[in-house]
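1. quick check, what structure comes out for this input:
(one chain, ligands or ions: 1)
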Amino acid sequence: MAAWEENVRRVEPYTPGEQPKQPNMIKLNTNENPYPPAPGVAKALRELETDNLRRYPDPSSKVLVQALADYYGVAKEQVFVGVGSDDVLAMSFLTFFNSGKSILFPDITYSFYDVWADLFRIPYECPPLDEDFKICTEDYLRECGGIVIPNPNAPTGIEKDLKELEQIIAGNPGVIVIIDEAYIDFGGTSALSLLPKYENLLVVQTFSKSRSLAGMRIGYAIGNEKLIRYLNDAKYSFNSYTMSAAALAAGVEAVRDDVYFRETLQKIINTRERTKKELHRLGFSFPDSKSNFIFAAHPKYPAKELFEALKKSNIYVRYFERPRIDNYLRISIGTEQEMDCLLRFLEEYLGESI
Ligand code: PMP
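-> Here you go, the predicted model:
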């Protein structure tokens with residue numbers, strides 16, 4: 001090993017879901033929204049002046065921060081925006097988890113949390129989910145350096161009751177509790193209503209799922225003004241211009257069109273509920289999902305086999321080769337037609353191999 005290599009910050013990176021480019025594929029592997037963003041987004045992007053691109057964007061992302069503040073009825077000083085919620089979460093880890101004590105997040109959850117913790121040298125412990133894949137409140141009522149709870153959790157899709165989340169937030173006044181609400185718009189109850197009561201709460205959301213803008217990379221955090229100030233200090237010490245002119249324009253339009261937002265969400269929720277029924281009929285079991293995916297296992301067919309068979313037919317779902325969950329498929333909710341194709345394939349495959 002070269003001498004310089006001994007001083008490299010070595011990290012085991014997060015593995016994102018595949019982004020295959022097959023023609024006619026059905027892509028249900030990264031929880032993207034199957035519908036386009038609000039029509040105003042395309043218009044705003046078409047009308048972007050190239051002169052806007054010649055210049056640096058507004059480092060404070062004022063228009064987007066204000067749009068979000070108005071939408072959620074909070075002060076603009078309570079809103080922080082970043083390059084997807086990955087950026088917002090990473091910045092939050094860096095800013096708030098510096099006590100040297102272990103932070104806590106579930107053993108089965110979004111697999112970026114341990115990567116950021118390792119990257120920033122933050123110690124962590126992962127209380128196991130119970131047998132039904134639920135987060136146990138008691139596990140989070142002890143001394144720690146901070147807490148991250150995704151709600152609904154990924155990849156299980158299970159929502160934790162807001163009262164139980166409040167117990168965790170109230171029980172840890174000395175540390176920051178991050179609630180990662182990447183999937184909250186698909187029928188969950190947000191912790192935003194708790195903000196006036198708890199200054200240690202940070203709610204993180206994204207435009208990637210419910211607002212169909214994964215490709216634009218927009219995420220945000222809402223919290224106490226002091227928390228947001230600290231987050232901005234860290235951001236400005238890292239990269240002042242995180243949000244491109246295009247992201248700012250697109251984000252504002254996506255927030256503005258609430259009718260389209262609600263219609264799209266309802267379509268996805270309806271498709272999810274229908275898919276649940278059909279998957280049950282085919283013998284799958286799964287926790288009740290409040291997200292835009294279903295985490296399903298079949299009693300007779302190993303998930304890996306199904307994953308490979310689906311892939312051969314150009315249907316992409318997500319499979320995690322990890323303890324406890326290696327017999328599950330995470331299936332994102334696509335359009336009605338896409339789910340029909342998936343269900344038809346499964347019906348034939350399960351029928352054939354019986
Ligand atoms: N949190 C959770 C729980 C997620 O599943 C994801 C999506 N991979 C993210 C955060 C990050 O999403 P984005 O950076 O696209 O906002």
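2. so what pairs up with residue 295 in the strands?
-> Assessed by DSSP bridges, residue 295 has beta-bridge partners residue 330.
3. what sits against it?
-> 133, 155, 156, 157, 286, 287, 289, 325, 328, 329, 330, 331 (CB atoms under 8 Å, 6 or more residues apart in numbering). (Glycine included, C-beta is placed from N, CA and C.)
4. at 10 Å instead, please
-> Counting by CB atoms under 10 Å, 6 or more residues apart in numbering, residue 295 touches 108, 133, 153-158, 284-287, 289, 318, 320, 325, 328-331.
5. and the strands in the stretch 1-150 of the chain?
-> Remark: strands assigned in the stretch 1-150 of the chain by DSSP state E, counting those that start in this stretch are 26-27, 79-82, 103-104, 124-125, 146-150.
6. let me fix that, I meant to ask about the stretch 201-350 of the chain.
-> Going by DSSP E, counting those that start in this stretch, the stretch 201-350 of the chain shows strands at 201-206, 219-223, 293-296, 315-316, 318-319, 329-332.
7. angle of the first one against strand 219-223?
-> Right, the one you point to is strand 201-206. 160 degrees (axes from the mean of the first three to the mean of the last three CA atoms, to 10 degrees).
8. if we can go back for a sec, now render the strands of the stretch 1-150 of the chain as a markdown table, adding mean pLDDT and mean neighbour count.
-> Shown next, in a markdown table, are the strands of the stretch 1-150 of the chain (pLDDT from 0 to 100; neighbours: other CB atoms under 10 Å):
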| stretch | mean pLDDT | mean neighbour count |
| --- | --- | --- |
| strand 26-27 | 96 | 22 |
| strand 79-82 | 98 | 25 |
| strand 103-104 | 98 | 23 |
| strand 124-125 | 98 | 17 |
| strand 146-150 | 98 | 25 |
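9. so which of those is nearest residue 245?
-> The minimum distance between residue 245 and the strands of the stretch 1-150 of the chain falls on strand 79-82, with 13.5 Å, by CB to CB.
10. any buried residues in the worst-scoring helix or strand of the chain on mean pLDDT, and which?
-> Here the helix or strand of the chain ranked lowest by mean pLDDT, DSSP states H and E is helix 50-54, holding a mean of 86. If you call a residue buried by 16 or more other CB atoms under 10 Å, then helix 50-54 has no buried ones at all.
11. got it, and stretch 25-42?
-> Neighbour-count burial for stretch 25-42 [16+ other CB under 10 Å]: 26-34, 37-38, 40-41.
12. distance between the ends of it?
-> Chord length of stretch 25-42, first to last residue, is 24 Å (CA to CA, to the nearest Å).
13. what parts of the stretch 151-300 of the chain come near the ligand?
-> Neighbours of the ligand within the stretch 151-300 of the chain, by CB under 6 Å from any ligand atom: 154, 180, 182, 206, 208, 214, 219.
14. helices and strands around the least confident helix or strand of the chain, which ones?
-> Here helix 50-54 is seen to pack against helix 245-256 when contacts are counted using 3 or more CB pairs under 10 Å, 6 or more residues apart in numbering; DSSP states H and E.
15. hey, where'd the helices end up in the stretch 151-300 of the chain?
-> Under the criterion DSSP state H, counting those that start in this stretch, the stretch 151-300 of the chain contains helices at 162-170, 225-236, 245-256, 258-281.
16. buried ones in the first one, by neighbour count?
-> Yep, that's helix 162-170 we're talking about. Across helix 162-170, burial judged by 16+ other CB under 10 Å covers 162, 164, 165, 166, 168, 169.
17. adding pLDDT, write those residues out as TSV.
-> Formatted as TSV, those follow (pLDDT from 0 to 100):
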residue	pLDDT
162	98
164	98
165	98
166	98
168	98
169	98
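18. need the contact list for the residue of the stretch 1-150 of the chain found nearest the ligand.
-> The ligand sits closest to residue 84 of the stretch 1-150 of the chain, with a gap of 2.8 Å, by CB to the nearest ligand atom. Contact partners of residue 84, counting by CB under 10 Å, 6+ apart, are 90, 182, 206-208, 213-214, 216-220, 242, 247.
19. do the same with residue 340
-> Applying CB under 10 Å, 6+ apart, we find residue 340 in contact with 26, 271, 274, 275, 278, 334.
20. what's the neighbour count on the residue lying closest to residue 122 once chain neighbours are set aside?
-> Nearest non-adjacent residue to residue 122, counting by CB to CB, 6 or more residues apart in numbering: residue 97, 4.7 Å away. By the criterion of other CB atoms under 10 Å, residue 97 has 26 neighbours.
21. phi, psi for residue 97 please.
-> Per-residue torsions, residue 97: phi -110, psi 70 (degrees, to the nearest 10).
22. now do the same contact list for it.
-> Residue 97 sits next to 103, 116-117, 120-124, 144-148, 175-176, 178 when contact means CB under 10 Å, 6+ apart.
23. 8 Å - rerun?
-> Residues in contact with residue 97 (CB under 8 Å, 6+ apart) are 103, 117, 120, 122, 145, 146, 176.
24. what subset of those residues is buried?
-> For these, a neighbour count by 16+ other CB under 10 Å gives the buried set as 103, 117, 122, 145, 146, 176.
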